[in-house]
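Asks: Need a 3D model of the following:
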Amino acid sequence: MRLLLDQGLPRSAVLHFRNQQIEAVHVGDRGLATASDFANSRRRRQEGMVVVTLEADFHALLALSGVTGPSVIRIRIEGLRGENLARLLVSVIEICDHDLLKGATVSVTENGVRIRRLPVFRTPSEGPVIRKN
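Replies: Below is the predicted model:
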């Protein structure tokens, strides 16, 4: 799995992922710190990366656009240092790696993990939307 850490998340987490054999980069290291969420989303989908962010914007963008990727993990816990963020994300990936590979939005709080498969909205001809909560 390949992760892209968004602004606001510690760059030091990238080092901790390497110890777990997870490829991770920070937007600041890629020169994408000022790129729009839409530009980042489109590029990540092409590269097969999972976006990790503190912001709700990515989830809203994916829901409104009806696309199937990229997968996004929203961390709703503030103040995590690099090592703790990496440890948390390794656990999240273990729980929902299959969903992330297929296209999903994942929301992580202190109380748990919520997974929604993409696309969030489907047309009636595509059948019912199945959500994991």
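
Asks: tell me which residues in the longest helix along the chain are buried?
Replies: Across the chain, the longest stretch assigned as helix under DSSP state H is helix 82-102. Residues of helix 82-102 classed as buried by neighbour count (16 or more other Cβ atoms under 10 Å): 82, 85-86, 88-89, 92-93, 96, 99-100. Every residue, glycine included, has its C-beta placed from N, CA and C.

Asks: helices or strands up against it?
Replies: Packing partners of helix 82-102 (3 or more Cβ pairs under 8 Å, 6 or more residues apart in numbering; DSSP states H and E): helix 13-18, strand 72-75, strand 104-109, strand 112-117.

Asks: And for the shortest one, what's in contact with it?
Replies: Judged by Cβ atoms under 8 Å, 6 or more residues apart in numbering, the contacts made with strand 72-75 from elsewhere in the structure are 9, 50-56, 58-59, 62, 85, 88-89, 92, 100, 105-108.

Asks: can you do 7 Å?
Replies: 50-54, 56, 58-59, 62, 89, 92, 105-108 (Cβ atoms under 7 Å, 6 or more residues apart in numbering).

Asks: Just name the closest of those residues to Pro119, please.
Replies: Leu62 (7.7 Å; Cβ to Cβ).

Asks: helix or strand for the closest one, which one?
Replies: helix 57-65 (DSSP states H and E).

Asks: Work out the gap between that helix and the centre of the chain.
Replies: Helix 57-65 sits 12 Å away from the centroid of its parent chain (Cα atoms, centre = their mean, to the nearest Å).

Asks: Repeat that for stretch 73-89.
Replies: Computed by Cα atoms, centre = their mean, the separation of stretch 73-89 from the middle of its chain amounts to 12 Å.

Asks: List of residues touching the longest helix of the chain?
Replies: Contacts to helix 82-102, defined as Cβ under 7 Å, 6+ apart, come from residues 1, 9-10, 12-13, 16-17, 20, 50, 52, 71, 73, 80, 104, 106, 108, 113, 115, 117.

Asks: Recalculate using a threshold of 6 Å.
Replies: Contacts to helix 82-102, defined as Cβ atoms under 6 Å, 6 or more residues apart in numbering, come from residues 1, 10, 12-13, 16-17, 20, 50, 71, 106, 108, 113, 115.

Asks: possible to save those as CSV with distance to Val27 and pLDDT?
Replies: Conversion of the contacts of helix 82-102 to CSV gives the following (distance: Cβ to Cβ, whole Å; pLDDT from 0 to 100):
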residue, distance to Val27, pLDDT
Met1, 17, 85
Pro10, 12, 94
Ser12, 14, 93
Ala13, 12, 94
His16, 17, 90
Phe17, 15, 89
Gln20, 20, 80
Val50, 13, 93
Ser71, 16, 91
Val106, 18, 95
Val108, 19, 97
Val113, 23, 96
Ile115, 23, 94
